[in-house]
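Colleague: Below are the sequence and a predicted model for it; my questions follow.
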Amino acid sequence: MLSKEEKELIAQIWEKMIPIASEIGSESLHRMMTTFPGTKTYFSHLDIRPRSKQMLSHGKKIVLAIAECSKDISSMMVTLAPLQTLHAYKLKIDPYNFKYLSHCLIVTLAAHMGSDFDPVAHAAMDKFLSAFAAVLAEKYR
Ligand code: HEM
């Protein structure tokens, strides 16, 4: 469970990422595909070279979806319903991949935020993204 303070912190962090959503998202995707190469199989129809137009555009979509959800974390189940269905039934993403992307998002945030990404922010973000990933994977159960 996230405290009120943690929810506010998470919303603030993602709000700040909106102007650089394509950078944060594409870097996270690039890290995921490099570190966990099996994830590339889902993106064979896209140009997955770092910072390609498609990576920047897809990365932006991911970050904007997370930022939107972070504004009202308690309603996550409702906000994420369309993405849940898309990833489970249409794209058929194996659920463990959500943990990989969450991890890479955290590393990217740490790299961009420097000392602002302190242990409190790290712990809150880890809890938030774990909950997020669990909701996205929920339809598989
Ligand atoms: C599509 C978000 C995790 C693979 C999308 C879209 C969004 C999104 C917003 C676009 C939906 C649309 O256009 O209507 C997220 C978020 C994730 C996540 C927030 C977790 C934090 C993953 C993971 C994979 C994945 C782990 C695979 C390893 C895909 C694919 C598409 C997609 C293949 C379709 C891309 C295309 O054809 O343009 N995702 N996603 N997603 N996602 Fe995810």
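Modeller: Cool, the structure landed. Small disclaimer: the values here were computed from a predicted structure and weren't measured.

Colleague: Those residues of this structure touching the ligand, which are they?
Modeller: By CB under 6 Å from any ligand atom, the residues of the chain that approach the ligand are 39, 42-43, 58, 61-62, 65-66, 83, 86-87, 91, 93, 97-98, 101-102, 132, 136. From N, CA and C alone the C-beta is placed, and that goes for glycine too.

Colleague: from these, which would you call buried?
Modeller: 39, 42, 58, 62, 65-66, 83, 87, 93, 97-98, 101-102, 132, 136 (16 or more other CB atoms under 10 Å).

Colleague: Of those residues, which belong to strands?
Modeller: Nothing among those maps onto strands, per DSSP state E.

Colleague: So which of those is the closest to G25?
Modeller: For these, the minimum distance to G25 (CB to CB) is 4.5 Å, reached by I62.

Colleague: The closest one: what's it in contact with?
Modeller: Counting by CB atoms under 8 Å, 6 or more residues apart in numbering, I62 touches 25, 28-29, 101.

Colleague: Distance of it relative to C69?
Modeller: From I62 across to C69, the span is 11 Å (CB to CB, to the nearest Å).
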